[in-house]
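>>> Sharing a sequence plus its predicted fold:
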Amino acid sequence: MAEMLEEVSCNICNSTDSRLFLVKDGFHYRKCTACGLVYQSPRPVFRDLRKRYSDKYFEYEVLNQDNFFHLMKLGLKDVRFDSFNHNGNGSRSFLDIGCATGLLLNYVRDKGWSTKGVEICKPSVEYARKQLGLDIFLGTLEEAAFPAESFEVVHFSHVIEHVPEPKKMLLEIRRILKPDGHIIVTTPNVAGGHALFARSSWRSLIPDHIYLFSQKTLRKLLELSEFRIVKQVSWGGIPAGKRADWLKRPFDRLAKLLNVGDVMLFHCIKQKEGEING
């Protein structure tokens, strides 16, 4: 059965004024003329988007879990995760949204953190519960309805580009973060060097990605959601397998040095009421 489509406006500024950006596999990406956000419109309604995260998606996650886990650990190292201090209540609480098969949660739990996960793919949740004994909620973050100020760190890697209402998700994350809590968000960079070069053949231009953020647009969304940006990095100059290693390595180093990588990470702290990003 064909997916039901809906027209949407910009999730950052609510503008309906946009221009066609790219068409890939029959899906239309538009660019907001007011703030520059790139998003799918029309796009499948959430009921149909949700159905995509089933057995086939689980197979993809299992096949790639070791590589994804390695990259997430590198991201934690970039933001000096091991230096994060916990509040004086004797516990450290970590939430991973879109935790997939749970390898990162297991890693963080082994470091002494109290961990919870949120995942929409049922087979992935069942796998992580059975294989690793993890505490994972099956569904969306909003459906989990965690109590306010529950977590010191909320991590979500390659998730925000899948979410129909990223602004709403960020506000919910802010609600469940403890004072001075951290978020670590990773997502493809539509303004990165490889994206600009590859255009319609860019590897992150896939139907499941209903938003394509740049550093500018994600920064704007994070600031609107009252997060203070601590650090922003990017990496990835040439995708693996596209060029010989002797050529890929210098391009990757240059992309990270110039902050024009294919994937970007933001480390932010929950702002106090009325605080302005500096």
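That came in fine, so what should we check first?
>>> which ones are touching Pro239?
Residues counted as contacts of Pro239 (Cβ atoms under 8 Å, 6 or more residues apart in numbering) are 194, 203, 262. For glycine as for every other residue, the C-beta is placed from the backbone atoms N, C-alpha and C.
>>> Which of those residues fall within helices?
With DSSP state H as the criterion, helices contain His194 from among the contacts of Pro239.
>>> Write the PyMOL selection for whichever of the contacts of Pro239 are buried.
The command below creates a PyMOL selection of those among these that count as buried (16 or more other Cβ atoms under 10 Å):
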select buried, resi 194+262
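>>> Quick one: the contacts of Pro239 as TSV, columns for distance to Pro42 too.
Shown next, in TSV, are the contacts of Pro239 (distance: Cβ to Cβ, whole Å):
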residue	distance to Pro42
His194	27
Arg203	23
Asp262	27
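>>> From the contacts of Pro239, pick the one nearest Lys56.
Arg203 (18.4 Å; Cβ to Cβ).
>>> So what's the residue count around Ile269?
Ile269 sits with 16 neighbouring residues when counted by other Cβ atoms under 10 Å.
>>> Kindly apply the preceding question to Arg249 instead.
Count around Arg249 with other Cβ under 10 Å applied: 13.
>>> same question, Phe84
Other residues near Phe84 come to 17 when the count uses other Cβ under 10 Å.
>>> Ok, Asp66 next?
A count of nearby residues for Asp66, using other Cβ under 10 Å, gives 11.
>>> could you say which helix or strand contains it?
For Asp66, the element it lies in under DSSP states H and E is helix 55-78.
>>> and that helix, what does it pack onto?
helix 103-110, helix 122-132, strand 151-157, strand 177-188, strand 227-235, strand 263-270 (3 or more Cβ pairs under 8 Å, 6 or more residues apart in numbering; DSSP states H and E).
>>> Could you identify which of those is most buried?
Comparing the helices and strands packed on helix 55-78 by mean neighbour count (mean count of other Cβ atoms under 10 Å), strand 151-157 ranks first with a mean of 25.
>>> and it, which strands flank it?
Strand pairing for strand 151-157, determined by DSSP bridges: strand 93-97 (parallel), strand 177-188 (parallel).
>>> can you redo the helices and strands packed on helix 55-78 as TSV with distance to Lys216?
Shown next, in TSV, are these (distance: least, Cβ to Cβ, whole Å):
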stretch	distance to Lys216
helix 103-110	28
helix 122-132	32
strand 151-157	20
strand 177-188	13
strand 227-235	11
strand 263-270	11
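>>> Reformat those as CSV; add mean pLDDT and distance to Gly36.
What follows is these, written out as CSV (pLDDT from 0 to 100; distance: least, Cβ to Cβ, whole Å):
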stretch, mean pLDDT, distance to Gly36
helix 103-110, 98, 31
helix 122-132, 98, 33
strand 151-157, 98, 22
strand 177-188, 97, 15
strand 227-235, 97, 17
strand 263-270, 98, 15
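>>> closest to Arg30 out of the ones you listed?
Taking Cβ to Cβ, strand 177-188 is the member of the helices and strands packed on helix 55-78 nearest to Arg30, at 17.0 Å.
>>> and Val45, which of the helices and strands packed on helix 55-78 is closest to it?
helix 122-132 (19.6 Å).
>>> Can you name the element that comes right after that closest one?
strand 136-138.
>>> hmm, back to that, for Pro179, state which of the contacts of Pro239 is nearest.
Asp262 (34.1 Å).
>>> For the closest one, what are phi and psi?
Here is the backbone geometry of Asp262 (degrees, to the nearest 10): phi -70, psi -20.
>>> For the residue nearest to Arg43 when sequence neighbours are not counted, list the residues it contacts.
Among residues not flanking Arg43 along the chain, Ile210 sits closest, at 5.2 Å (Cβ to Cβ, 6 or more residues apart in numbering). Residues in contact with Ile210 (Cβ under 8 Å, 6+ apart) are 39-40, 43, 49, 161-164.
>>> what's the closest non-adjacent residue to Ser150?
Excluding the flanking residues, the one nearest Ser150 by Cβ to Cβ, 6+ apart is Ile176, at 4.9 Å.
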